[in-house]
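**Q** Quick one, what's the 3D model for this:
(one chain, ligands or ions: 1)
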Amino acid sequence: MPASLDDFQVISTIGTGSYGTCKKICRKKDGKILVWKEMEYGSMTEAEKQMLVSEVNLLRELHHQHIVKYYDRIIDRTKAMIYIIMEYCEGGDLATLIAANKKNGESITEDFAWKILIQTTLALKECHRRKNGQAVLHRDLKPANVFLDKDSNVKLGDFGLARVLHSESSFAQTYVGTPYYMSPELVNNLSYNEKSDIWALGCMMYELCALSPPFTASNQSELNRKIRLGDFPRLPLKYSIELDMIIRKMIQVEVAQRPSIGSILADPLVQKRREALE
Ligand SMILES: CNC(=O)c1c(C)[nH]c(/C=C2\C(=O)Nc3ccc(Cl)cc32)c1C
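**A** Down below sits the predicted model:
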């Protein structure tokens with residue numbers, strides 16, 4: 001029996017972005033707290049609608065402890081709206097955490113930084129695993145797309161949809177935000193690849209610790225120049241040289257120089273940190 005909007009009670013709006021609105025909802029039959037991301041697809045081309053459908057279908061295929069669980073989707077054709085129902089992540093998103101730390105002068109611990117790095121890498125490993133020959137590259141890894149559950153475990157969300165919503169469509173005009181995590185290959189109009197997600201992961205980890213992206217500028221051309229150069233300051237000295245090194249390896253201009261997901265997880269230090277998490 002497909003779900004319907006009447007099966008849920010909307011509790012509150014918990015996030016809005018260029019992709020749509022995220023609402024906290026309650027499933028009436030059992031009181032389970034979930035979220036739905038609602039998007040208006042009326043202004044999409046047929047090709048974009050098809051891409052959205054295939055991305056949602058990919059989401060359904062991904063089952064992993066560090067990827068937000070997909071529950072269902074509801075399409076309201078009268079309003080040209082799609083509602084994607086997913087698990088609730090009580091800890092919110094990393095962008096909010098970074099903003100709060102900047103505001104109150106706090107910073108995450110070294111242990112928490114390693115936890116986020118390891119769990120996000122594990123989520124990307126699952127995304128990059130070929131499903132029916134189709135890799136689900138994230139394409140938009142950033143703090144606003146990484147969520148935390150009640151135990152501050154990582155839940156990666158909102159991927160794949162970026163490919164649909166970054167296309168040359170009416171959505172493109174609504175896409176806001178500076179692409180701080182754009183990799184050198186994208187700046188040079190080369191193709192996006194799995195190592196582009198590694199670059200974005202390094203940028204996200206850097207910002208989580210330093211409370212600023214590795215590359216900042218007041219305009220796109222200056223940002224592109226800095227990204228191509230690849231120079232950025234060391235993490236704050238409270239963080240170990242090992243953490244700085246592994247993040248620095250991820251943010252290397254040369255794609256081939258960046259570690260693969262497998263080599264990150266095989267790093268002895270990562271393995272030691274991972275054992276401490278389990
Ligand atoms: C300030 N942020 C929040 O309060 C917040 C909380 C507590 N949860 C969320 C967002 C999600 C959430 O709780 N589950 C999600 C699944 C997929 C996606 Cl794309 C987003 C979410 C947000 C934005």
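**Q** the helices in this protein, which residues?
**A** 46-61, 94-104, 110-128, 161-165, 170-174, 184-187, 194-210, 220-229, 241-250, 261-266, 268-277 (DSSP state H).
**Q** Quick check: residues of the stretch 1-150 of the chain near the ligand?
**A** 14-15, 22, 35, 37, 68, 86-90, 92-93, 96, 147 (C-beta under 6 Å from any ligand atom). (Each C-beta comes from the backbone N, C-alpha and C, glycine too.)
**Q** ok, those residues vs Leu124, which is closest?
**A** Checking these against Leu124 with C-beta to C-beta, the nearest one is Val68 at 13.7 Å.
**Q** Which pLDDT does the model give the closest residue in space to that closest one that isn't next to it in sequence?
**A** Closest residue to Val68 apart from its sequence neighbours, by C-beta to C-beta, 6 or more residues apart in numbering: Gly157 at 4.1 Å. Reading off the confidence values, Gly157 has pLDDT 89.
**Q** Now for Gly157: which residues touch it?
**A** Listed by C-beta atoms under 8 Å, 6 or more residues apart in numbering, the contact partners of Gly157 are Ile67, Val68, Met86, Cys89, Asn145, Val146, Phe147.
**Q** Next up, phi/psi of it, please.
**A** Main-chain torsions, Gly157, degrees, to the nearest 10: phi -130, psi 170.
**Q** Now the buried members of the residues of the stretch 1-150 of the chain next to the ligand.
**A** Buried members of those, counted by 16 or more other C-beta atoms under 10 Å: 14-15, 22, 35, 37, 68, 86-89, 93, 96, 147.
**Q** need those in CSV with pLDDT and distance to Ser4, can you?
**A** CSV is the format used below for these (pLDDT from 0 to 100; distance: C-beta to C-beta, whole Å):
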residue, pLDDT, distance to Ser4
Ile14, 96, 22
Gly15, 89, 23
Cys22, 94, 20
Val35, 97, 17
Lys37, 92, 17
Val68, 94, 22
Met86, 95, 17
Glu87, 97, 20
Tyr88, 98, 20
Cys89, 97, 24
Asp93, 96, 28
Thr96, 97, 31
Phe147, 97, 26
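**Q** Distance to Asp267 added to those, as JSON lines?
**A** JSON lines is the format used below for those (distance: C-beta to C-beta, whole Å):
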{"residue": "Ile14", "distance to Asp267": "35"}
{"residue": "Gly15", "distance to Asp267": "33"}
{"residue": "Cys22", "distance to Asp267": "34"}
{"residue": "Val35", "distance to Asp267": "34"}
{"residue": "Lys37", "distance to Asp267": "34"}
{"residue": "Val68", "distance to Asp267": "26"}
{"residue": "Met86", "distance to Asp267": "31"}
{"residue": "Glu87", "distance to Asp267": "30"}
{"residue": "Tyr88", "distance to Asp267": "33"}
{"residue": "Cys89", "distance to Asp267": "27"}
{"residue": "Asp93", "distance to Asp267": "27"}
{"residue": "Thr96", "distance to Asp267": "29"}
{"residue": "Phe147", "distance to Asp267": "25"}
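**Q** which ones among those are found in strands?
**A** The strands, defined by DSSP state E, take in Ile14, Gly15, Cys22, Val35, Lys37, Met86, Glu87, Asp93, Phe147 from those.
**Q** and the gap between Glu278 and the ligand?
**A** 24 Å (C-beta to the nearest ligand atom, to the nearest Å).
**Q** same question but for Tyr181, I mixed them up
**A** For Tyr181, the distance to the ligand - C-beta to the nearest ligand atom - is 17 Å.
**Q** Would you check that that residue makes contact with Ala144?
**A** No - judged on C-beta atoms under 8 Å, Tyr181 makes no contact with Ala144 at a distance of 10.9 Å.
**Q** Mind checking which of the two has more residues around it?
**A** Tyr181 (25 against 19; other C-beta atoms under 10 Å).
**Q** what's the more buried one sitting at in phi/psi?
**A** The phi/psi pair for Tyr181 (degrees, to the nearest 10) is phi -100, psi 10.
**Q** Check what pLDDT it gets.
**A** 94.
**Q** Check Ser169 too.
**A** Reported pLDDT for Ser169: 43.
**Q** Ok, the one 5 residues further on next?
**A** Looking at Thr174, its pLDDT stands at 39.
**Q** Great, nothing more from me.
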